[in-house]
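**Student:** Quick one, fold the following:
(4 chains)
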Number of protein chains: 2
Amino acid sequence: MTIRPYHHGSLRAALLIAAERTLRERGVDQLSLRELARQIGVSHGAPRRHFADRQALLDALAFDGFARLGGEVRAAVDAAGDSFEQRLRAAAAAYVRFATEDAALLELMFAGKHREESGRLAAAAERTFSVMLELIEQGQAEEALEAGDPERVGLLLFATVHGIAALTTSGIVTPEQLDEIITDAVARFLRGSRAAV
Amino acid sequence: MTIRPYHHGSLRAALLIAAERTLRERGVDQLSLRELARQIGVSHGAPRRHFADRQALLDALAFDGFARLGGEVRAAVDAAGDSFEQRLRAAAAAYVRFATEDAALLELMFAGKHREESGRLAAAAERTFSVMLELIEQGQAEEALEAGDPERVGLLLFATVHGIAALTTSGIVTPEQLDEIITDAVARFLRGSRAAV
DNA sequence: CTACAATGTAGTCGCTGACCACAATGATGT
DNA sequence: ACATCATTGTGGTCAGCGACTACATTGTAG
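**Tutor:** Numbering: from 1, shown residues only, chains lettered A, B, ... in the order given. Take a look at the predicted model:
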């Protein structure tokens, strides 16, 4: 058991990793800076050098969360088949899966009580949203969707998928209903947006 | 300044009222049992006679919130015109208005980390959902919507509206976009569900 | 009128986040 | 090489909190 040198070296990263784990396993209420410090083996004041206060740590977690969510949705879309409906369904499913596996993190990401200066966070959210946007634009190019402001259509799609995720997290939508509601959402979205041929 | 008798008489109700106010104005993090007791003028231990712990108070707030939300949506629907689209729009708008005015409360209601025994809470949520359900059934009766399991259709509608509310609360949907996205959601929902005539 | 239940009080405990002065280390410029 | 300064970690302190307890007061039912 090697003794850690006086300087940890990557305390910030270690804090974020431990925090994400605690967030997932025990929820945001049980996330304590002092407990994290204990787990990592530094003094209770050390985290303050990297995060001005508890909220700053939560903000950083949310920021990283957006990056991961965007990546996972994009990967799912890319791995899906060629048909627009398949890709749409893959995106929705990936989003909801993230939400169920990291419910507390998603809540944090959309908590909206972040710091004022956090245009950073808004930008991160934007990157997640842009995955949806690209999907819409592809759909329109393929004429699976009628023309129209992609922002507007994408936002509605985003809201629907996010709503399904939120209701699932809160237990209103049961795991058994999940496939069904995602299928319905995609099908109806397409039917309501089909390009007049 | 009359001195309160030893027994407050309606401390439970007073706590809930003060708590809802604090929740709205300062958020759930700033809601402290001790602070509530101070505001009301009882000792810091008194609230415990009415709520076993902090979470029990939050659960009670959520319970009342569902009743109020259901009532407000129902009132909005009843006050709306005769057309199904108008009623649908009114319901969505009322839901989102509730969400923006009592964001922290809505979050609490859907937090999903409630007590196990709280079938009470699930029942309360059910009553909110039933408003949506009735609306769907009306729409189907009027043949504005195709036939189909109302539960299934209603859940998707619920999810969409809730998603719009959540994105608004978190600042992703701006107030200026709100009318637009509600309109889009209703219109697309109808287009995607119109009974084949 | 007397027990007993319900409700409020006062004190305590451990934990937390925030803050501070200080110590150890790393980096930089000459 | 060395002095200087910024960065990072330590240990102590403070007030606030939720939870718990023993006890006091009040309402109520037999």
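
**Student:** List the contacts of residue A:76.
**Tutor:** A:90-91, A:93-94 (C-beta atoms under 8 Å, 6 or more residues apart in numbering or on different chains). C-betas here are computed from N, CA, C, even on glycine.

**Student:** in chain A, what spans have low per-residue confidence?
**Tutor:** Counting by pLDDT under 70, chain A has low-confidence residues at A:1-3, A:6-7, A:115-118, A:195-197.

**Student:** again, 50 this time
**Tutor:** Applying pLDDT under 50 to chain A picks out residues A:1, A:197.

**Student:** And the strands in it?
**Tutor:** Under the criterion DSSP state E, chain A carries no strands.

**Student:** remind me, longest helix of it?
**Tutor:** The longest helix of chain A (DSSP state H) is helix A:54-79.

**Student:** How far away from the center of its chain is that one?
**Tutor:** Offset of helix A:54-79 from its chain centre (C-alpha atoms, centre = their mean, to the nearest Å): 5 Å.

**Student:** wait, does it contact DNA strand C?
**Tutor:** Yes. Using C-beta under 7 Å from any atom of the strand, helix A:54-79 reaches DNA strand C at A:54-55.

**Student:** Alongside chain B, which residues does chain A contribute?
**Tutor:** A:27, A:103, A:107, A:110-113, A:122, A:125, A:129, A:152-153, A:155-156, A:158-164, A:166-167, A:169-173, A:177, A:180-181, A:184-185, A:187-193 (C-beta under 8 Å from any C-beta of the partner chain).

**Student:** Who are the contact partners of the residue most central in space within chain A?
**Tutor:** In chain A, the residue lying closest to the centroid (C-alpha atoms, centre = their mean) is residue A:69, at 4.0 Å. Contacts for residue A:69 were tallied using C-beta under 8 Å, 6+ apart; they are A:95, A:98, A:106, A:109, A:128.

**Student:** Residue A:173 now?
**Tutor:** Contacts of residue A:173 by C-beta under 8 Å, 6+ apart are A:164, A:167, A:181, B:155, B:159.

**Student:** residues near the third one, how many?
**Tutor:** Put plainly, it is residue A:181. Neighbour count of residue A:181, defined by other C-beta atoms under 10 Å in any protein chain shown: 23.

**Student:** I'd guessed it sits against residue A:161; true?
**Tutor:** No. Using C-beta atoms under 8 Å, residue A:181 is not in contact with residue A:161, being 10.4 Å away.

**Student:** Which of the contacts of residue A:76 are buried? Put it as a PyMOL command.
**Tutor:** Buried residues within those, by 16 or more other C-beta atoms under 10 Å in any protein chain shown, are selected in PyMOL with:
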select buried, chain A and resi 90+91+93+94
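
**Student:** Pull the most distant pair out of the contacts of residue A:76.
**Tutor:** A:91 and A:93 (7.3 Å; C-beta to C-beta).

**Student:** on that earlier part again, just name the closest of the contacts of residue A:76 to DNA strand C, please.
**Tutor:** Closest approach to DNA strand C among the contacts of residue A:76 (C-beta to the nearest atom of the strand): residue A:94, at 31.4 Å.

**Student:** Give me the spatial nearest neighbour of that closest one, chain neighbours excluded.
**Tutor:** Closest residue in space to residue A:94, ignoring its immediate chain neighbours: residue A:76 at 3.5 Å, by C-beta to C-beta, 6 or more residues apart in numbering or on different chains.

**Student:** again with residue A:148
**Tutor:** Nearest residue to residue A:148, sequence neighbours excluded (C-beta to C-beta, 6+ apart): residue A:140, at 7.6 Å.

**Student:** Number of residues surrounding the residue in chain A positioned nearest to chain B?
**Tutor:** Nearest residue of chain A to chain B, counting by C-beta to the nearest C-beta: residue A:163, 2.5 Å away. Residues near residue A:163, counting by other C-beta under 10 Å, number 27.

**Student:** try residue A:147
**Tutor:** Count around residue A:147 with other C-beta under 10 Å applied: 11.

**Student:** Equivalent analysis for residue A:29, please.
**Tutor:** Neighbour number of residue A:29 under other C-beta under 10 Å is 11.

**Student:** so residue A:150 makes contact with residue A:137?
**Tutor:** Yes. Counting by C-beta under 8 Å, residue A:137 is a contact partner of residue A:150 at 5.2 Å.

**Student:** Comparing the two, which shows the higher neighbour count?
**Tutor:** Comparing residue A:150 with residue A:137 by other C-beta under 10 Å, the one with more neighbours is residue A:150, at 19 against 14.

**Student:** State the number of residues packed around the nearest residue to the more buried one once chain neighbours are set aside.
**Tutor:** Using C-beta to C-beta, 6+ apart and skipping the chain neighbours, the partner closest in space to residue A:150 is residue A:136 (4.5 Å). Other residues within reach of residue A:136, judged by other C-beta under 10 Å, total 25.
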